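Enquirer: Any chance you can model this:
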Amino acid sequence: NVYNVKLTTTGACEPQSCNCGPTFNCGDDCINRLVLVECPASHKCQNQRIQRHEWAPGLEKFMTESKGWGVRTSLPIKTGEFILEYVGEVVSDHEFKERMATRYVHDTHHYCLHLDCGLVIDGHRMGGDGRFVNHSCQPNCEMQKWSVNGQSRMALFAHREIEAGEELTYDYNFSLFNPAEGQECKCGSDNCRGVIGGKSQRVRQSTAPPPAPTGTGRVGRPRKNQAKRTLSGPKETPVPPAPPPVIPTPQLKPLTHAQKLYIQEHHCFLLRNFYKVRRCKAAGSISIARPQTSTPTENNPSTTLINHINALRQPRNMKTRRLAQVEDDPELHKTAKLANLLRDLWNIVTKAKDEKNQQLCAAFLNLPSKRKVPEYYQRIQEPIDFNMIEQNVASGVYRTAESFDFDMNKLFSNAIKFYGRTSELGIAATRLKKIYTEAKQQSAHKFEDMLGEKPLLNFISNKKKGEEEDVIRCICGMFRDEGLMIQCERCLVWQHCECVQADPSAASYHCERCVPREVDYEIPLDELTEHGYRYYMTLMRGNLQLRQGDTVYVLRDIPIPGTNKKHTYDTIGEIKYADLDIFRIERFWKDSKGQRIAYGHHYLRPHETYHEPTRKFFPNEVMRVPLYEAVPVELIIEHCWVMDLNTYCKGRPMGAPEDHIYICEYRVDKTARLFSKVSKSKFPICTKNYAFERFDVRLKMSRTYTPHDLDPALVKPRGRKPQDAEDTERREVQPVPVHIPVARTRSEQKTRLNKILLNLLSKLPTKQPLDVSYLLEGGRRRKKTT
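Expert: Coordinates of the predicted model:
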């Protein structure tokens, strides 16, 4: 279970020590099993199936005919055997009631299990297979509350012998808040009660007439003395049945003056029926004490507000004028006017159509199906649709314009987050958001005139802190907002004019996705190299687009055996990324032969540098080295990402695999010995919402001795696995070359050293070489001559 409340173990039972052993199960005579308590984990006992999650094998979920999902077993289960545990989110009773009133208000079927101390197991958002076990009035299982390590747990046990392929059921036995309209039971058993609820609630009526009442109506076997008195004494007169209760007639609406005149003129109304209904109502009020219904103007402000909103939207008549006179509440009147303005904004957005004369909001009127698109509810924490917003407007939930604006923006952001900014539904959500923003700006004076005050700037501007309205998606794949740019009229993305070769003075423009056309992804620049070759912003290596500032894996020079050629990206086959160089591209050009060249610098991994054994590194850290090189594009294998530590802890670029992301905080010299901090990167990572996915919680990183760890292959195994003789014969033992150093005597070393020193002395610029042969003599020192 996931506990969202403070745990307390005061109400749990203290586990007693038992005499059970590890070789036999706990029987019914075990003191802990008698009180539904599992033994502690320290005991060598088998009364620990719940805490060890030893569920019954063979459980599977399946779709029933009329009850939705169910759980059945493919193996037989004995009586009293533990089957599974009902798990979920443990919340307080107050928290669950708030969820039922807000988050689960539109759910058709939703149940929970009550624990002690006011706790509830909510299996709606998170839970196991226990929430799919259906109800039955004649079940084969039962739910028991056990105490496990001081905490209450709900476990399902077999009530009888269960055969293979039989569905698991237990009696829900919950309390119905509306017994007259309870949920219909579809278990199909002989003892079905008709509704899913307690045994004391509404029971399905039988077709046979009830037996005549005999005796005093006592349930069960009569006592002996009473039976003797009944046989000897006179018989008691039967008690007459109670008269059926008088069902009150539903309250009729009063007739208007126009309706009364029409009835008198056309004689289409019988007065005797009118008086009959009045008499029935009076008789019902006398026989049955009905609770007083509260008038909507006094005790039910929500109903009053709904009537007030409808009255303001309808033409002025006698009824609405009396309503306005009775309900002279300025706050209520202000909320009703605000609801009408919000409804107008909602109508403008939902009636917007695209080029094909279809509604843009068609996909957002209702939420996706939980069964067909379950990943939507896993990724979107607060789902909402247009119908939910309309209901909130009609019921007067929004007391301020900012709350309505928050829900509308949340709807658009949910669609863009799940479907993507450049998808069809993402484009539709972006266009609706633009229409909504324009409608708010045009309705600003209406808010001021009707409400008497200006709405907040956040409501009009519709731009929150850290939110970008302009999305850059160019064919170059770069997110720089420099130079002259043009916007697509359909998807509202911005592109560089020099990349797409667009005319800025054109009346309309559509991108290559909205209006498909062929584009050249190799974008030239106006600059030339010193040899007269043209620079490029992007180049293609097969189907891979390379851009200025990208970090890539570069293949080292590996010759092809038997030829004078070297391997490229299409001939190397599978290769480990750890064996490739990490390269930062700064320039592109094509030479006279048409060969594509990438120019940039390298990055070194920690094991490729000279450093102290006490220096720590991140597991994926690299160091920049000032070694520049011109590399053919055919040697580039794949993209990777090198970023600073601050950006790495914030999130990840869209579409970047975690295995190809590196951290760079230091740079080394050409000898890879001196470490220094890296200044601001020339090619930073774009961290805007459309190109960067942020974490909910910022990461906390720490350096370790990762490069100094031993390879697991070099660690000597503790145990030896038995091997077959055939495997030993098949395995070929490759001899490892051993380099034995040449042993020299002391005289040979002295002769070799003398030869080296004489050679060095001969190369000195002085005319007379210095005699340093005395250094070869051990105990003698040269005396200074004065």
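Enquirer: Which stretches in the stretch 401-550 of the chain count as strands?
Expert: With strands called from DSSP state E, counting those that start in this stretch, the stretch 401-550 of the chain shows them at 471-472, 485-487, 493-496, 524-528, 534-536, 538-541, 544-547.
Enquirer: Of all these, which one is nearest R52?
Expert: Closest of the strands of the stretch 401-550 of the chain to R52 is strand 544-547, at 50.6 Å (criterion: C-beta to C-beta). (C-beta placed from N, C-alpha, C; glycine too.)
Enquirer: Run a quick check on L544 versus H639, I expect a contact.
Expert: Yes: using C-beta atoms under 8 Å, L544 is in contact with H639, at 7.5 Å.
Enquirer: Show me which residues of the longest strand seen in the chain are buried.
Expert: Criterion DSSP state E: the longest strand present in the chain is strand 621-632. Across strand 621-632, burial judged by 16 or more other C-beta atoms under 10 Å covers E621, V622, M623, R624, V625, V631, P632.
Enquirer: for the record, mean pLDDT for stretch 682-696?
Expert: Averaging pLDDT along stretch 682-696 gives 86.
Enquirer: who's in contact with that stretch?
Expert: With contacts defined as C-beta atoms under 8 Å, 6 or more residues apart in numbering, stretch 682-696 is touched by 421, 467-468, 471-473, 479, 548-549, 584, 586, 641, 643, 647, 649-654.
Enquirer: So which bits of stretch 40-53 are buried?
Expert: P40, H43, C45, Q46, N47, Q48, R49, I50, Q51.
Enquirer: Leaving out sequence neighbours, find the closest residue to the last one.
Expert: Spatially, and ignoring its direct neighbours in sequence, Q51 is nearest to V148 (5.1 Å; C-beta to C-beta, 6 or more residues apart in numbering).
Enquirer: Please apply the same query to M154.
Expert: Nearest one to M154, counting by C-beta to C-beta, 6+ apart, is Y86 at 4.2 Å.
Enquirer: Quick check: that neighbour vs M654, distance?
Expert: From Y86 over to M654 the distance is 40 Å, taken as C-beta to C-beta, to the nearest Å.
Enquirer: The residue nearest to M154: how many residues sit nearby?
Expert: As a burial measure, Y86 scores 22 neighbours (other C-beta atoms under 10 Å).
Enquirer: go on, A672?
Expert: 15.
Enquirer: so is it in a helix, a strand, or just coil?
Expert: Assigned by DSSP: H, G, I helix; E, B strand; the rest coil, the conformation of A672 is coil.
Enquirer: That one: what's it in contact with?
Expert: A672 neighbours (C-beta under 8 Å, 6+ apart): L604, E608, T609, Y610, M623, V625.
Enquirer: Using the record, which stretches count as separate domains in this structure?
Expert: 2-181, 302-429, 521-708 (automatic domain parsing).
Enquirer: what would those domains look like in TSV with distance to V195?
Expert: TSV is the format used below for the domains of the chain (distance: least, C-beta to C-beta, whole Å):
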stretch	distance to V195
domain 2-181	7
domain 302-429	25
domain 521-708	43
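Enquirer: Looking at those domains, which is nearest to E489?
Expert: Of all these, domain 302-429 comes closest under C-beta to C-beta, at 10.0 Å.
Enquirer: Just give me how far that closest one sits from the chain centre.
Expert: 25 Å (C-alpha atoms, centre = their mean, to the nearest Å).
Enquirer: Give the rounded mean pLDDT of it.
Expert: 77.
Enquirer: May I see the buried residues of stretch 489-501?
Expert: Buried-residue list, stretch 489-501, by 16+ other C-beta under 10 Å: R490, C491, L492, V493, W494, Q495, H496, E498, C499, V500.
Enquirer: ok, how many other residues are close to the residue lying closest to the first one once chain neighbours are set aside?
Expert: If I follow you right, that is R490. In space, and not counting its chain neighbours, R490 is closest to C514: 4.2 Å by C-beta to C-beta, 6+ apart. For C514, the neighbour count with other C-beta under 10 Å is 14.
Enquirer: isn't C514 right up against C491?
Expert: Yes: contact criterion C-beta under 8 Å: C514 and C491 qualify, at 5.7 Å.
Enquirer: what is in contact with those two at once?
Expert: Both C514 and C491 lack any common contact, where contact means C-beta under 8 Å, 6+ apart.
Enquirer: for this protein, longest helix please?
Expert: Using DSSP state H to define each element, the chain has its longest helix at helix 330-350.
Enquirer: buried ones in it?
Expert: 332, 335-339, 341-343, 345-346, 348-350.
Enquirer: Any chance of those in CSV with distance to S189 as columns?
Expert: Converted to CSV, the buried residues of helix 330-350 look like this (distance: C-beta to C-beta, whole Å):
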residue, distance to S189
L332, 52
T335, 51
A336, 52
K337, 56
L338, 53
A339, 49
L341, 55
L342, 51
R343, 49
L345, 53
W346, 48
I348, 55
V349, 51
T350, 47
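Enquirer: can you tell me how far the residue nearest to R490 sits from A258?
Expert: Taken as C-beta to C-beta, the span from C514 to A258 is 57 Å.
Enquirer: repeat for Y705
Expert: As judged by C-beta to C-beta, Y705 and A258 stand 92 Å apart.
Enquirer: ditto for A56
Expert: Relative to A258, and taking C-beta to C-beta, A56 is found at 71 Å.
Enquirer: and what of T609?
Expert: Counting by C-beta to C-beta, the gap from T609 to A258 is 95 Å.
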